[in-house]
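Asks: Give me the fold of what follows.
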Amino acid sequence: MRTDDYDQIDSTVRAVLRDVLGLSEARVAGFNAETPLFGALPELDSMAVAGLLTEIEERLGILIEDDEVDGEMLETFGSLVRFAAAKAPR
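Replies: Just a heads-up that it's a prediction; the model follows:
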C-alpha cells in the first residue's frame with residue numbers, strides 16, 4: 001500500500017472517531033499508533049463500536065464481517081488503522 005493511501009485511511013479513521021464519538025479535533029490529532037482505544041476511551045463502549053465500524057465501512061468502501069471484529073483490532077488507534085488499511089481496495 002502506498003504511503004499516501006495509508007495516510008488517507010489514517011485521516012478517515014480519525015474523522016470517524018471524531019464524528020461518531022464526538023471527540024475533539026485536538027484530541028484525535030494527538031492519537032498515535034499506540035494510543036489505546038477500546039477500554040481506554042469512555043466514549044468507545046460496546047454500543048458505539050457498531051456505529052464506528054459502520055461509518056468506517058461507508059467512508060472507506062469496505063465490508064467488515066462480524067467474525068473479524070475483536071478486541072485486538074480495537075485495542076489501539078494503530079491496530080484499527082492497520083485493519084482498515086488491510087481491508088481497503090488496492
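
Asks: Just give me the longest helix of this protein.
Replies: Assignment by DSSP state H gives helix 3-21 as the longest helix of the chain.

Asks: buried sites along it?
Replies: Neighbour counts using 16 or more other C-beta atoms under 10 Å place 9-10, 12-14, 16-18, 20-21 of helix 3-21 among the buried residues. Backbone N, C-alpha and C define where each C-beta goes, glycine included.

Asks: try stretch 54-70
Replies: 55-56, 60, 62, 64.

Asks: Quick one: mark the members of those residues that sit in helices.
Replies: Using DSSP H, the buried residues of stretch 54-70 in helices are 55-56, 60.

Asks: Adding pLDDT and distance to residue 38, write those residues out as a markdown table.
Replies: As requested, these are exported to a markdown table (pLDDT from 0 to 100; distance: C-beta to C-beta, whole Å):
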| residue | pLDDT | distance to residue 38 |
| --- | --- | --- |
| 55 | 98 | 16 |
| 56 | 97 | 14 |
| 60 | 96 | 19 |
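
Asks: Export those as CSV, with columns for distance to residue 47.
Replies: Shown next, in CSV, are these (distance: C-beta to C-beta, whole Å):
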residue, distance to residue 47
55, 14
56, 16
60, 22
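
Asks: on that earlier part again, ok, the buried residues of stretch 54-70 vs residue 45, which is closest?
Replies: When the buried residues of stretch 54-70 are compared for distance to residue 45 (C-beta to C-beta), residue 55 wins out at 15.6 Å.

Asks: From residue 15, how far off is the closest one?
Replies: Going from residue 55 to residue 15 by C-beta to C-beta, to the nearest Å gives 9 Å.

Asks: Kindly report the same for residue 45.
Replies: From residue 45 over to residue 15 (counting by C-beta to C-beta), the distance is 20 Å.
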